[in-house]
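Engineer: What would the 3D arrangement of this be:
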Amino acid sequence: MTTFTALTTLTGRAAAEALGAAMERLIPEPTGIGVFEIEDGSGMWEIGGYFIDRPDAAGLALLATAFAARPFVVSEVPDQDWVAHVQRQLPPVEAGRFFVYGNHDADKVPADRIALLIEAAMAFGTGHHGTTLGCLLALDRLIDNGFSPRGVADIGSGTAVLAMAAASVFSCPVLDSDIDEVAVEVALTNVMANNLGDRVHCIEATGFEHRDIAARAPFDLIFANILKGPLLDLAPAMSKATNPGGYVILSGLLNEQADEVIAEYHENGYNLWHHDKIVDWTTLTLGKTKA
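Structural biologist: The predicted model follows:
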């Protein structure tokens, strides 16, 4: 079945999000809308709609004019396996000692790296985005510094790439959680594909509210690659779940959001250990103060 896309660009996050919201009122309505920053330093954002029926050209033109966006480009999308197509287009990711790859690149795995098999799927975290890459590099730095935890948790794990990276290096148990049922299924699939089923425990949970998390806490290392709002909300609970002398690796943050998160976590007993920036994205490594 042929479907359609309608794409445009404009400057500024607020305007882009407003245009994305306005597209929801189109008839025929889109089956999905995406709003993404173009990470080239230009300040431009891409707004796209996906349609089962051909979108209304006049309606799109009115929206483009109203929001000072470029004219929408409408394209037909032929019926094909887009997940397989995306998988073929994703190159391997090298992050310190870690090598993240898809099955199509199995022949490229270096002998001296820790290989993590991740397939593109309906969950975030293939290692290509600046936030996931930043977390892997932060973990690599802690390992080089001699850090060895007794328990690890990955909160909001997506594909489980961070949980699996930790489980591949440390001998302790690793707890992997996500709020989304599909993400948990993807995580479990990846964990089994990497023969880590006996090391990584996957659960569906919101924040730290789950009996399995409570039973295993406190942790020496916690990953939380989510968003600024949830990170701020979780700061008190995360502090209770972190052992003194332990670390948290936080991401999902734009660079301009970092200071607010650092200040909140300082109020909850953490000190900044390292601040990574990859294009527009920040990863923070913070240490829990010792009693």
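
Engineer: Tell me where the stretch 51-200 of the chain is predicted with low confidence.
Structural biologist: By pLDDT under 70, the weakly predicted segments of the stretch 51-200 of the chain are 78-91, 119-129.

Engineer: hey, where'd the helices end up in it?
Structural biologist: Per DSSP state H, counting those that start in this stretch, the stretch 51-200 of the chain carries helices over the ranges 57-66, 82-89, 130-144, 161-169, 181-193.

Engineer: show me the contacts for Asn194.
Structural biologist: Going by Cβ atoms under 8 Å, 6 or more residues apart in numbering, Asn194 touches 116-117, 164, 168. For the C-beta atoms, the positions are set from N, CA and C on the backbone; glycine is no exception.

Engineer: and if we set it to 7 Å?
Structural biologist: Contact partners of Asn194, counting by Cβ atoms under 7 Å, 6 or more residues apart in numbering, are 116-117, 164.

Engineer: Determine the number of other residues adjacent to Ser239.
Structural biologist: A count of nearby residues for Ser239, using other Cβ atoms under 10 Å, gives 17.

Engineer: Check the one 5 residues further on too.
Structural biologist: Taking other Cβ under 10 Å as the neighbour definition, Pro244 ends up with a count of 12.

Engineer: One more: the one 10 residues further on?
Structural biologist: Applying the criterion other Cβ under 10 Å, we find 15 residues in the vicinity of Leu254.

Engineer: Ok, Asp212 next?
Structural biologist: Counted by other Cβ under 10 Å, the residues lying close to Asp212 total 14.

Engineer: and what of Ala217?
Structural biologist: 18.

Engineer: Among the helices of the stretch 51-200 of the chain, which comes closest to Gly229?
Structural biologist: helix 130-144 (14.8 Å; Cβ to Cβ).

Engineer: sorry, back to before: need the helices of the stretch 51-200 of the chain in CSV with mean neighbour count and distance to Lys277, can you?
Structural biologist: Listed next are those as CSV, based on neighbours: other Cβ atoms under 10 Å; distance: least, Cβ to Cβ, whole Å:
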stretch, mean neighbour count, distance to Lys277
helix 57-66, 14, 33
helix 82-89, 12, 26
helix 130-144, 22, 8
helix 161-169, 26, 18
helix 181-193, 19, 26
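
Engineer: Which of the contacts of Asn194 lies at the shortest distance from Thr289?
Structural biologist: Nearest member of the contacts of Asn194 to Thr289, counting by Cβ to Cβ, is Met164, at 29.1 Å.

Engineer: Would you confirm that the closest one contacts Leu117?
Structural biologist: No. Taking Cβ atoms under 7 Å as the definition, Met164 is not a contact partner of Leu117, at 8.8 Å.

Engineer: Tell me the residues that contact both of those two, please.
Structural biologist: When contacts are counted by Cβ under 7 Å, 6+ apart, Met164 and Leu117 are jointly contacted by 190, 194.

Engineer: Now do the contacts for the nearest residue to Gly96 once chain neighbours are set aside.
Structural biologist: With sequence-adjacent residues excluded and distances taken as Cβ to Cβ, 6 or more residues apart in numbering, Gly96 is closest to Asp140, at 3.0 Å. Contact analysis of Asp140 by Cβ under 7 Å, 6+ apart lists 95-98.
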